[in-house]
Each structure stands twice: as C-alpha cells, then as structure tokens.
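**Q** Here is the input, now give the coordinates:
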Amino acid sequence: MSTATRRISLTAGVLYLLTFVSIPTLALYRPVKDDVGTFILGGGSDTGVLWGGLSEVVVGLAGVGTAVVLYPIAKRVSQTAALGFLAARVLETTLIFVGVISLLTLLTLRAQLAGAAGADSAALVTTGHTLVAFYNSTFLLSQSLMPVACDLFLGYVLYRSRLVPRVLPIIAFVGAPLLLASDIAVFFGAYTNVSSLAGLAALPVAVFEFALGVWLIVKGFRSTPLTSGTAPSDPAPEEPPAA
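**A** Here you go, the predicted model:
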C-alpha cells in the first residue's frame, strides 16, 4: 500500500471517529428538550446547548470529510457509489446545520426577549416548542435517515473491493435496513427517535462506522490493485453500433 493511500485511510479513520463527538448532545440538550418553556424564559444555563451545537457542526464537517477523503479510492470501484456517498454526506451535513440553526435561534430569543419589558411569554414558549420540534424533525432526516444511504453506498464499495474485512460492510448491509425501518416507525409515530427501540435500531450502523474508523487508523486498506491506483472505475457504456 502506497504512502498516499495510507494517508487516506488514516485521515478517513480519524474523521469517522470524530463523527461520534456528538453523542453527549443527548445530555447537553436535555435542559431545552425537557422543559423548553422554562428554558426559553431564562431558566437554566445555555452553555450545554452551545457545546452541543458546536459538536454537531464538527460531526457535519467530519462526515463530509469522510466522503471527500475516500472519494479517490471509492471511485475506482464505482463512480456512481462514490458520488452517491458524497451527495448523501453533503445532504446530511446540510440538515445537521439546519437543526443547529433552529437551536441557536432559540438561544437568541432567550437572550434578547426573555424577561424583556412587554415580551409575550406565551408566544415565546410556543415558539420554543416549535423550534425544538423543528430540530427533532431535521435530526430524523439528517443523523438517522441519511446514514442509511451513506452506509449502503460505502458498504457496496468496501464489499466489492475487499479493502477491509467483509464482515464490516456486511454489518452495514444489516444495519442500514434496520435503521430505515426504525426511521419509518418514528415518522409514523410508533415511538420517538430518542427511545430505546430507536437506539437499538441505530446500534449496528454505529458499530460499523466506529469499527471502520478504528480499522482504517490501525490497519488501513488491504493491499489490492485499488490501493495502487491501477484498478479501473465503472466501465463507460458501450456506444451503439453504427447503422
């Protein structure tokens, strides 16, 4: 394996592990999610929400980074899958940023209007609930639904190329449909996206991405024609014969 390829695998592995820094947001966002009315009217500290928003920004940037860094390798296996992975990551990050913006807007309202003379407390509370509901909806689409597409595209590349042990993409192939089924259940109100069932459904995808990050850092890609840059990408379609 060339030095350049090893650099790609190491960078991608670090970026994959960085996508797990938002795990504490479940606790950091608790003050606003548990009682948004009290929070937007000035109760409690906003420090946790700020740190949670920052961690999600890091996750979004790291997620796009994984697709960008892996693209030169992935396109040698399938340019379609490589572009699909990149597009899904960009969409995921865009939605993550939209969700963070909704919480930052809530903090702005809290700072500028809570306790101000003439402020309508009932309207503030209603707006707060709306912004939290908006965040929850974008979370479902960004950090729950989009990983399904990301892992299927990347899983296909890894399975076909054998760049890593095949058990890793197989975990992705099992986890992605399971997470999709859970997302559909959340969408139709069977349970919430922070319930134990939703957490269990997301576990295989989390295992795949964490294990892949560790493998790429410790072992890197296996030595194949792909890692030397000699393997072809998807073949171009044949031109129809002349009449």
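**Q** separation between the spatially most central residue of the chain and A149?
**A** Per CA atoms, centre = their mean, the C-alpha nearest to the average position across the chain is that of Q143, at 4.4 Å. Taking CB to CB, to the nearest Å as the measure, Q143 falls 12 Å from A149. For glycine as for every other residue, the C-beta is placed from the backbone atoms N, C-alpha and C.
**Q** quick revisit: which helix or strand contains the residue nearest to the residue nearest to the centre of the chain when sequence neighbours are not counted?
**A** Distances taken as CB to CB, 6 or more residues apart in numbering put I96 closest to Q143, at 6.5 Å, once the chain neighbours are dropped. Element membership of I96 [criterion: DSSP states H and E] is helix 79-113.
**Q** Let me see the contact set for the closest residue to Y191 other than its chain neighbours.
**A** Nearest residue to Y191 in three dimensions, chain neighbours excluded: L197, at 5.3 Å (CB to CB, 6+ apart). Under the criterion of CB atoms under 8 Å, 6 or more residues apart in numbering, the neighbours of L197 are 182, 185, 191.
**Q** Would you check how far apart the nearest residue to the first one once chain neighbours are set aside and V207 are?
**A** So the one you mean is S182. Distance criterion CB to CB, 6+ apart; nearest residue to S182, sequence neighbours excluded, is A201 at 3.3 Å. From A201 across to V207, the span is 12 Å (CB to CB).
**Q** Among the two, which residue is more densely surrounded?
**A** A201 (23 against 15; other CB atoms under 10 Å).
**Q** can you pull the buried residues of the helix holding I96?
**A** 81-82, 84-86, 88-93, 95-97, 99-100, 102-103, 106-107, 109-110, 113 (16 or more other CB atoms under 10 Å).
**Q** ditto for stretch 215-226
**A** By 16+ other CB under 10 Å, the buried positions in stretch 215-226 come out as 215-217, 220-221, 226.
**Q** quick one on the thing from earlier: just the buried residues from the contacts of L197, in ChimeraX please.
**A** In ChimeraX, a selection of the buried entries from those looks like this (16+ other CB under 10 Å):
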select :182,185
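**Q** With pLDDT, distance to R6 and secondary structure added, can I get the contacts of L197 in CSV?
**A** Putting the contacts of L197 into CSV (pLDDT from 0 to 100; distance: CB to CB, whole Å; DSSP: H, G, I helix; E, B strand; the rest coil) gives the following:
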residue, pLDDT, distance to R6, secondary structure
S182, 96, 36, helix
A185, 96, 41, helix
Y191, 92, 43, coil
